[in-house]
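> Dropping the sequence and predicted coords here.
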Amino acid sequence: MIETLLIANRGEIACRVIRTARAMGIRTVAVHSAADAGALHVRLADAAVAIGPAPARESYLVGERIIAAARESGAQAIHPGYGFLSENAAFAQNVIDAGLIWVGPDPASITAMGLKDAAKRLMAKAGVPVTPGYIGENQDPAVLAGEAAQIGYPVLIKAVAGGGGKGMRLVEDPAQFADALASCQREAASSFGNAHVLIEKYISSPRHIEVQVFGDAHGNVVHLFERDCSLQRRHQKVIEEAPAPGMNAETRAALCAAAVRAAQAVAYRGAGTIEFIADGSGPLSADRIWFMEMNTRLQVEHPVTEAVTGIDLVEWQLRVAAGEPIPLTQDRITLNGHAVEARLYAEDPAAGFLPSVGPIEHLRLPQSGRVDSGVAEGDRVSPYYDPMLAKLIHHAPTRTAAFAGLAQMAAAVQCWPVRTNAPFLTRALADGDVIAGRIDTGLVGQRGDAWAARVAPGEALLQDVAARVCAAAKAGPPPHLPGWRLNAAPAPVIVRLDDGEQVRAVTPCYKTGSSVQGHPRGYLASEQGATWLIQPWRPAGIGDEEGAGAVHAPMPGLVTAVMVAAGERVGKGQTLLTLEAMKMEQAIKSPIEGVVAELPVSAGQQVGADALLIRVEKDEA
Ligand code: ADP
């Protein structure tokens, strides 16, 4: 067995591999870039080796440094995780040539599945159904246009060397074919150094269904059933589940048998995934599911398969890499219940899914379900790598229960000030079509804006914060909050949210069970996967010792009356004007004695939060 394992990766997958290796008594070695010196995977591993500066090109993608790190740390094996060098056949070969164990397939299997056209040809030969289309060598535009016409529109032009959703063009009208072809070829040449394309029939209402396979060095190949990964945003999977909704036993048997044939055709060893595209416009049936590609590594979404089969796939990977046979025969691998996973990203869905980087001051991950995390509170989200923070997985006897459980997990996420997609996931998991299993790869695109909209804290949560503001104020000096009165019935408290700097007036009311915690600058309150910093709002100028007599609007509102005029002498506490906001009228009083120096507003005027209402100057005379 392997004694020391180097993990050539970072984040959640490095942490996840370390967990199983440790359980198996294997010593672990992390590698890290300069940006990751203090990262969770480095803290969890038994040893760590620095491999270069922050950019992945200069660290996680430099094969020689990783092999040198393995030598230096006494590792006998390298687990590549996913991404980075995991599907790099040359790196796999170098690992083997260095006398190390490569925890992955034979480099020849990676190469065989590397180009889409070669892989499709190989699969067709092995009797695996492939998407109807053209995979020939002839790349003459007229020939390709003729093939497209024969396939029937709409068609998809795909770069044979493409990946990550790049180098693909959907063509719906023959008149657009020539332009789409030229643009696809240009992108393919510049991104992949290979302009060759293939043409496929475009499947309408496509569902992404994939089969987990496993092979060993003794010629055994088994499958571990299917996953459905149709909930994708821009070809990136967001929510994955096992088994696929609506899958019947007959279709499953045909699909899984095809996947096993596919793996056998490349003498596959280790964990792999055969991706299929299914026509989701009707019930699933074997004659409407086609091979798309093979991923020759462990997938991000492998935990849903682990949940429904009870198998630790990383353990199997390590055993098979060490030369052991697959621990179970096909008939002993069974499907139990339903599991669903969501990818938790450091990003802001309401701002176009912009990555959200920086220190994570506050982090609470769900207490229920399985959480595979790559970060802990206090860690920093770096702009250099994929912004995935963690994966949330829920397993239950039924699909409905699994989705409900995962929705609860997503809603329980608290992360601040880094924003996450947890509110987006919470809404997606509660969507009627998602719950009913009416999913295809277009659903997120159609529904995404609604799921991505900014969440606002509910009134009850704000009331709880307001109650805490009052309680804290009673223990110390009274806050300068308009509306706060000692020994009076709870009057509205004005709070300010860090989210777009909103200001709200709330009636204090303590609520048990809401997620509110003290913070040096106010309160952190969480709900539906979102977290806000909420501060008692002190209108500028009021109570300000420096005597700045400027009074700003505590919240957006309507100036209902102005009682004074510029140049007028006023006393401290005198009502200067009234403002109506949040359905309550507020008297704006002079903070000091003096003369009205500035009065930029008049009755009937609408003002924004923080707008200058009036400025009183000390009367020097
Ligand atoms: P990549 O290697 O770039 O990930 P794939 O060939 O795996 O490209 O396809 C990525 C996604 O594009 C699939 O998950 C599916 O949503 C969509 N897709 C691929 N082929 C087709 C097709 N023939 N018809 C409809 N959609 C397709």
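Sure, I can see it.
> Please make it C-alpha for all contacts and neighbour counts, starting now.
Will do.
> hey, what's the residue positioned nearest the centre of the chain bridged with?
Here the mean C-alpha position of the chain is nearest to the C-alpha of Tyr345 (CA atoms, centre = their mean), at a distance of 2.7 Å. Taking DSSP bridges as the rule, Tyr345 bridges to Met388.
> Help me confirm that it comes into contact with Ala390.
Yes. Assessed by CA atoms under 8 Å, Tyr345 is found in contact with Ala390 at 7.2 Å.
> what are the phi and psi values for Ile239?
Main-chain dihedrals, Ile239, degrees, to the nearest 10: phi -130, psi 130.
> Up against the ligand, what does the stretch 301-450 of the chain have?
Thr441 (CA under 6 Å from any ligand atom).
> what about the helices in the stretch 301-450 of the chain?
302-309, 313-321, 399-412, 422-428, 432-436, 443-452 (DSSP state H, counting those that start in this stretch).
> Out of the ones you listed, which is the most enclosed?
helix 422-428 (a mean of 25; mean count of other CA atoms under 10 Å).
> how about the closest residue to Ala30 other than its chain neighbours, what does it touch?
Setting aside the residues directly before and after it, Ala30 is nearest to Ala48 in space (CA to CA, 6 or more residues apart in numbering), at 4.5 Å. Taking CA atoms under 8 Å, 6 or more residues apart in numbering, we find Ala48 in contact with Val29, Ala30, Val31, His32, Val42.
> burial measure for the residue nearest to the third one when sequence neighbours are not counted, as a count.
Yep, that's Val31 we're talking about. Nearest residue to Val31 in three dimensions, chain neighbours excluded: Val49, at 4.8 Å (CA to CA, 6+ apart). A count of nearby residues for Val49, using other CA atoms under 10 Å, gives 20.
> do the same with Asp228
Count around Asp228 with other CA under 10 Å applied: 25.
> you'd agree it is up against Glu241?
Yes. Using CA under 8 Å, Asp228 is in contact with Glu241, at 5.3 Å.
> avg pLDDT for the helix or strand the residue nearest to Val31 falls within?
Per DSSP states H and E, Val49 falls inside strand 47-52. Mean per-residue pLDDT for strand 47-52: 98.
> Kindly report the residues of this protein close to the ligand.
So the chain meets the ligand at 162-166, 200-203, 206, 208, 235, 292-293, 441 (CA under 6 Å from any ligand atom).
> most neighbours, which of these?
In terms of neighbours by other CA under 10 Å, the residues of the chain next to the ligand top out with His208 at 25 neighbours.
> wait, is that residue part of a strand?
Yes. The assignment for His208 is a strand, going by DSSP: H, G, I helix; E, B strand; the rest coil.
> close enough to count as contact, it and Asp279?
No. Using CA under 8 Å, His208 is not in contact with Asp279, being 9.1 Å away.
> Count residues in the vicinity of Val607, would you?
20.
> cool, Arg27 as well?
Arg27 is surrounded by 19 other residues when neighbours are defined as other CA under 10 Å.
> any idea how far it is from Lys125?
Counting by CA to CA, to the nearest Å, the gap from Arg27 to Lys125 is 43 Å.
> same thing with Val143?
Where Lys125 is concerned, Val143 sits at a distance of 24 Å (CA to CA).
> could you dump stretch 384-403 to PDB, C-alpha only?
Presented in PDB, the C-alpha positions along stretch 384-403 are these (Å, rounded to 0.1, in the frame of the first residue of the first chain):
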ATOM      1  CA  TYR A 384      -6.000  33.300  -8.500                       C
ATOM      2  CA  TYR A 385      -8.100  30.200  -8.400                       C
ATOM      3  CA  ASP A 386     -11.500  28.800  -9.000                       C
ATOM      4  CA  PRO A 387     -13.800  30.500  -6.300                       C
ATOM      5  CA  MET A 388     -15.400  27.300  -5.100                       C
ATOM      6  CA  LEU A 389     -15.500  27.300  -1.300                       C
ATOM      7  CA  ALA A 390     -17.200  24.100  -0.500                       C
ATOM      8  CA  LYS A 391     -19.700  21.400  -1.600                       C
ATOM      9  CA  LEU A 392     -22.900  20.800   0.200                       C
ATOM     10  CA  ILE A 393     -24.300  17.300  -0.100                       C
ATOM     11  CA  HIS A 394     -27.600  15.900   1.300                       C
ATOM     12  CA  HIS A 395     -28.600  12.200   1.200                       C
ATOM     13  CA  ALA A 396     -32.100  11.100   2.000                       C
ATOM     14  CA  PRO A 397     -34.500   8.200   1.200                       C
ATOM     15  CA  THR A 398     -36.300  10.200  -1.400                       C
ATOM     16  CA  ARG A 399     -35.500  12.900  -4.000                       C
ATOM     17  CA  THR A 400     -37.900  15.300  -2.300                       C
ATOM     18  CA  ALA A 401     -36.300  14.900   1.100                       C
ATOM     19  CA  ALA A 402     -32.800  15.200  -0.400                       C
ATOM     20  CA  PHE A 403     -33.700  18.500  -2.100                       C
END
